[in-house]
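Trainee: Pasting a predicted model and its sequence here:
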2 protein chains.
Amino acid sequence: MKKLLKYLFMQRVFEALSSTVRRKILAYLAHAELTAGEIAARFDISKPAVSQHLAVLENAGLVTSEKRGQYVHYRLVREHLANVLNDYVQEVCPVSRPLKRESAALGDAPAAEGEKE
Amino acid sequence: MKKLLKYLFMQRVFEALSSTVRRKILAYLAHAELTAGEIAARFDISKPAVSQHLAVLENAGLVTSEKRGQYVHYRLVREHLANVLNDYVQEVCPVSRPLKRESAALGDAPAAEGEKE
DNA sequence: TAGGTAGTTAAGGAATTACCTAATTACTCT
DNA sequence: AGAGTAATTAGGTAATTCCTTAACTACCTA
């Protein structure tokens, strides 16, 4: 059950990460929660274009959005990013067994966010 | 040291990983060194298509090829994959500092096979 | 040297992606 | 309600990606 869902997310995550703009957005969100407008202001492309990038990131589970009044605040979902990337590294670098536990811990580290899948 | 170079590779690596076929190729190579033909045999797409995927992976530094006689053998470059992904996780999840050392160790783990860069 | 196998390069077409402008929705404030 | 701001949706186009077939290079064997 979990495995298929995980696979789907992996695909979306790597597709999301394939864009430089989207990786930059994540980097900005790594330092602070930002509104869509604040994010758009940091790029040369149009606001709708940024909005689409944000939608891709959200579909991949890498960010979440919350509307507060007039603004939509975006924030990074650290666990998800760390989990997916670590899972993949594990899959392709099976040698690194020792790391496995460490990275699992990493994923949970930020907080009490549970296993949603 | 080579921050720019790293950035360039990051771009190529994530672009390479955005394709399911390419991620599958890496998964196969995680278990064994394979020739181009052996890899192509595992997919439904044409041989030239696989060849192009392999070129993308090689440009990203994720695999290396060696021609032996009639065959071209491909093999995974584990360190590179682990390094790039871990570097990125670090950049976006600055919380996870503890993992850093572990992952560095991981890169070298496979031993024997040489550092080409 | 001729024929066969392994692999890549070349050329072209279909599908996807990224971007733009314009229109729309949702909220705030007077 | 009406004007202004924030953000997304819609519609259309340019660029890119992925795959195909055909042609080519390199190697092996008889």
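Mentor: It's in.
Trainee: which regions of chain A lie under the pLDDT threshold?
Mentor: The model of chain A has pLDDT under 70 over residues A:1, A:95-117.
Trainee: Would you mind naming what in it lies close to DNA strand C?
Mentor: Neighbours of DNA strand C within chain A, by Cβ under 7 Å from any atom of the strand: A:15, A:18-19, A:21, A:44-46, A:48-49, A:52-53, A:56, A:67, A:69-70. Every C-beta, even on glycine, is put in place using the N, C-alpha and C of the backbone.
Trainee: Just the ones of these in strands?
Mentor: Using DSSP state E, the subset of the residues of chain A next to DNA strand C located in strands is residue A:67.
Trainee: can you pull the contacts of the spatially most central residue of chain A?
Mentor: Most central in chain A under Cα atoms, centre = their mean is residue A:62, positioned 2.0 Å from the mean C-alpha point. Contacts for residue A:62 (Cβ atoms under 8 Å, 6 or more residues apart in numbering or on different chains) come out as A:13, A:16, A:26, A:76, A:77, A:80, A:81.
Trainee: buried sites along the helix or strand harbouring residue A:80?
Mentor: Taking DSSP states H and E as the definition, residue A:80 sits inside helix A:78-92. By 16 or more other Cβ atoms under 10 Å in any protein chain shown, the buried positions in helix A:78-92 come out as A:78-90, A:92.
Trainee: Name only those of the residues of chain A next to DNA strand C that count as buried.
Mentor: A:15, A:18, A:19, A:21, A:53, A:56.
Trainee: okay, now the closest residue to DNA strand D within chain A: neighbour count?
Mentor: Here chain A gets closest to DNA strand D at one residue, residue A:37, 2.1 Å apart by Cβ to the nearest atom of the strand. Neighbourhood size, residue A:37 [other Cβ atoms under 10 Å in any protein chain shown]: 12.
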